[in-house]
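Pasting the sequence and the predicted model now:
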Amino acid sequence: MNERATSQGTLTYREAVRAAIREALQRDPHTFLMGEDVGRYGGCYAVSKGLLDEFGPERIRDTPLSESGFVGAGIGAAMGGMRPIVEVMTCNFSLLCLDQIMNNAATIRHMSGGQFSVPLVIRMATGAGRQLAAQHSHSLEGWYAHIPGIRIVAPATLEDARGMLSTALEDPDPVLIFENVMLYNMSGSMDATAGAVDIDRAAVRRSGRDVSVITYGGSLWKSLEAAAALAKSGIDVEVIDLRTLRPLDDATIMQSVRKTKRAVIVDEGWRSGSISAEITTRIVEQAFWSLDAPIARVCTEEVPIPYPKHLEDAALPSPQKIEAAVHQVLGR
Amino acid sequence: MPSLGSDMEKGTLVEWMKKPGDTVRNGDVVAVIETEKGAIEIEAFESGIFERALVELGQTVPVGTAIAIIDGARAAPAPEPVRPAPAPPPPARVAVVAPAPPRPTAEIKASPAARKLAEERGIDLATIKGSGPEGSIVYVDVENAVAKGAIAVEKREPPKKKPAGPDLAAMQTIIAAATARSKREIPHYYLTHEVDITDALTWLAKTNAKRTPDRRLLPAAVLLKALAAALRKHPEFNGFYEKNAFHASERIHVGVAIAIRGGGLVAPAIHDTDKLPLDEVMDRLRDLVARVRVGRFRSSEIADPTITLTSLGERGVDAVVPVIYPPQVAIVGTGTPRKRPWIVAGKVKARDVITISLAGDHRVGNGHRGALFLAEWATLMQQPELL
C-alpha cells in the first residue's frame, strides 16, 4: 500500500479511501477511526484492512452494534478537541443515529451560541446494486443534504476518495462522506502527488454543448458511459459531478445549464423529494430563461429496492435510461 | 393604424367595434386604439364588409400597419336610399399587404430560451416551426429564423380589460415636443382685443330661458361658431404650414383645447364648425368634453384641427397669449367676460367685456391681416342671432 500511495499506479477506490485515512492518522494524533468491524475485521468493505496493525486499538476502535452510541461518542470526542472519523457501515443503519446527527452534530454550534463546534467526519457506504435487498440498498445522501449545519460530500473519483477526507477533517463542522458501494472495486490510476481536494465545488467531468447531465457518486460513471454512447450519434453531453450535495454549487450548475440550455439530473435516490428535485427547482429559479426543454430526471424507481438482479437493475438509473432522457430533452 | 398626429408612432388595439361580416360605412367607428393621448376611436375611411382583423387585441403596431381588411367589393348598401345610388365602387380590396394573422401566443409551445431570444430579436414565434420535444420551438429554431430574416413584430403587451385613460406622462412629453417645436420654429406675433359682448350674453340669456338645462347654449358655442364664420373670410388662418409652405384648408375644423384632470391637454376638432347650426355646435362641444374627460375621442378629431381655440377665461384669467400647435398657423384665445366701465354712445356704462387674442405665424401672415381677422371674429360674436 505504501508503494501505491507514493508512486503512480493502479489502485482501487477502496485503496484510495484507505490511503486517505492512513494519511490522516499519520498527520494528526487527534484523529482516530471508530466503527463497527473497522479493526479486527478490517471494515465491512475492507477499507480499513491493516490499519489496526499499523495504528493499534487506541486509534482503530471497534464499536458495539450501536450507531446512536458510537456516533454520539464521536460527537463528544469532536467537541472535546479530537478529530474523529466515524464509520457507519452503511447509510441504511445511519437511521439509528439520525437523532445524533440531526439533533446534536448539526445543531450544537447553534445551540451553544458558537461555544462548541463538532469537527466530526462520518463516512458511510450508500447505494444499491449488490443484491443486498430492500433494507440494505438505500441512497440517503439526499435526505442528509436537507439538514443545515452539516456538509454532505459524495466522492465519485479516486482523487476525491483520496482527497476529500483530509479537507473534511479540517472543517470545524460535521462532514458526512457518502461512498457508493459500487465504487469500492473501481480501479484506475492516480497521480502520486494526489492529495487534499476542495469540498465546495462541482466538477465538469466531461465538457459538452448539447445537454448538461448533472449527477454525483455512483451515477457519475453511468452518466459518462451514456455520454460516450451519445457522442457516437453526434450528441455532445456535458457531465457535471456535484461532489458536494450540501451546500450545492449553484454557480457551476447554472453556468453549464446556461451553456447547454438543457438538463438531465441523475440521482440514485427516489424521485420524490430528492436532491434531484432540489436541483431542478434551483435551475428553474436561477436559469429559467436559458432553458430550451423541460428538465428530465433519471432516479431510482419508487419501490423498495428488489433483490432479484434483473429487477434491481430495472429499478436503478442505468446508462440506457440516461441516454433515453437525453434524447427526450433534445427531441432527437 | 392611422396617424393621429405627426407625433404619433404607434398605437395599441384595445377593442374591435366591428366583427367579421359586419357592414362598415365610411366614418363608422371600427376599433378603439390606445395612444399617448388616450383611447381613440378609429373611423373607417372606406365602405364595405369587415372581412377580418389583422391585429390582435393588446398588440401595439406602428403607424401605417394594416389592422383589418375591409372588402370594398362587397360594398355595403348606401346608407340613405333617398340619395341617387352612386356608381358601384371599383372592386378593390381596401387593405395593405399584411402577414397572415398570427396564432395566439398562448397556444405556441416554445421553450423559455426560445421565447427570450425571439423577444430580443423581435421574432414572431407564430412564424416558426418547432423542432424540439413535442414539436416545441427551441432556441436553435429561433436562431435559424433570425438567420433567415423572419418577420419581426413589435413587442406585444397583454390585452387590457378595458381601455385605460390617457397616459398623462406620455401626453406631457408630446406637449413638450410640440410646444418646443412651435416656439423654436414659428415666429409668433400676438394681438389682443377687448370686445363688448353684453348684447350676445343678453341674447343667450333670453334664448336659454326657454330651454331645459341640457339644451342651453354656452358662450363657448357662440365664440366657436363666430370664429368659424370669421375664418370663412380669412382662410389664411385656417390650415397647415408644411414643407415650407402654407396650405389652406377648405374645411374648417376648430380644435377646442380641453384640459384633462391630472394635467393633460388635448385640442380635438369639431368638424366643419362653420357649417353646423349653433345648437349643433353646442351639442358637439358637450359631447366632446364628456368624451375627453374619460379619455375617449376619435381619430379624426385628433388629426384634423385646422385652428385651435383656447378658452382660458373659464379659469378666470383676463387674457391668454397662446402658443400655436404646429403645423397649424394660428391659435385664438378668450379671457373671462367681466363687467367693465365701457363707453356706449358717449356714456359710461357697465358692460360685459371679454379680451380675445390671436397668436399668428409670421411666416404665413402678419399683424395687419391678423387684426382684420380678430376684428371680424369680434364683430360676429356680438351677433349670435345671426350665426
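Cool, the structure landed.

Can you tell me which residues in the stretch 151-300 of chain A are near chain B?
Proximity of the stretch 151-300 of chain A to chain B (C-beta under 8 Å from any C-beta of the partner chain) is limited to residues A:Lys261, A:Phe288, A:Trp289, A:Ser290, A:Leu291, A:Asp292, A:Ala293, A:Pro294. (Each C-beta comes from the backbone N, C-alpha and C, glycine too.)

hmm, 6 Å instead?
Proximity of the stretch 151-300 of chain A to chain B, by C-beta under 6 Å from any C-beta of the partner chain, involves residues A:Lys261, A:Phe288, A:Trp289, A:Ser290, A:Leu291, A:Asp292, A:Ala293.

The residues you listed, buried ones only, as a PyMOL selection?
Command for PyMOL that selects the buried part of these, burial taken from 16 or more other C-beta atoms under 10 Å in any protein chain shown:
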select buried, chain A and resi 261+290+291+292+293
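
how about B:Asn208, what does it touch?
Shown in contact with B:Asn208 (C-beta atoms under 6 Å, 6 or more residues apart in numbering or on different chains): B:Arg216.

Quick check: it vs B:Asp352, distance?
Between B:Asn208 and B:Asp352 the distance is 15 Å, computed by C-beta to C-beta, to the nearest Å.

re the thing from before, can you list the residues of the stretch 151-300 of chain A next to chain B in CSV and add secondary structure?
Below are those laid out as CSV (DSSP: H, G, I helix; E, B strand; the rest coil):
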residue, secondary structure
A:Lys261, coil
A:Phe288, helix
A:Trp289, helix
A:Ser290, helix
A:Leu291, coil
A:Asp292, coil
A:Ala293, coil
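
Mind picking the two most distant members of the residues of the stretch 151-300 of chain A next to chain B?
Largest separation among those by C-beta to C-beta: A:Trp289 and A:Ala293, giving 13.4 Å.

Run through the helices of the stretch 151-300 of chain A in chain order.
Taking DSSP state H, counting those that start in this stretch as the test, the helices found in the stretch 151-300 of chain A are A:158-170, A:219-232, A:250-260, A:275-287.

go on, the stretch 1-150 of chain B?
Remark: helices assigned in the stretch 1-150 of chain B by DSSP H, counting those that start in this stretch are B:112-121, B:139-148.

The residue of the stretch 201-350 of chain B found nearest chain A: how many residues sit nearby?
Going by C-beta to the nearest C-beta, chain A is nearest to B:Gly295 of the stretch 201-350 of chain B, at 35.6 Å. Neighbour count of B:Gly295, defined by other C-beta atoms under 10 Å in any protein chain shown: 21.

repeat for B:Ala113
Using other C-beta under 10 Å, B:Ala113 has 23 neighbouring residues.

And the pLDDT for it?
pLDDT for B:Ala113: 93.

before we move on, back to that, wouldn't the residue of the stretch 201-350 of chain B closest to chain A be in contact with B:Gly38 here?
Yes. Between B:Gly295 and B:Gly38 there is a contact at 3.5 Å, judged by C-beta atoms under 6 Å.

Nearest spatial neighbour of A:Glu141, chain-adjacent residues omitted?
A:Phe178 (4.3 Å; C-beta to C-beta, 6 or more residues apart in numbering or on different chains).

Equivalent analysis for A:Val197, please.
What sits nearest to A:Val197 in space, not counting adjacent residues and going by C-beta to C-beta, 6+ apart, is A:Gly163, at 3.5 Å.

any idea how far B:Ala176 is from the one you found?
A:Gly163 is 67 Å from B:Ala176, by C-beta to C-beta.

cool, B:Asp141 as well?
44 Å.

More neighbours: the two, which one.
Neighbour totals were compared for B:Asp141 and B:Ala176, and B:Asp141 leads with 23 against 10 (other C-beta under 10 Å).
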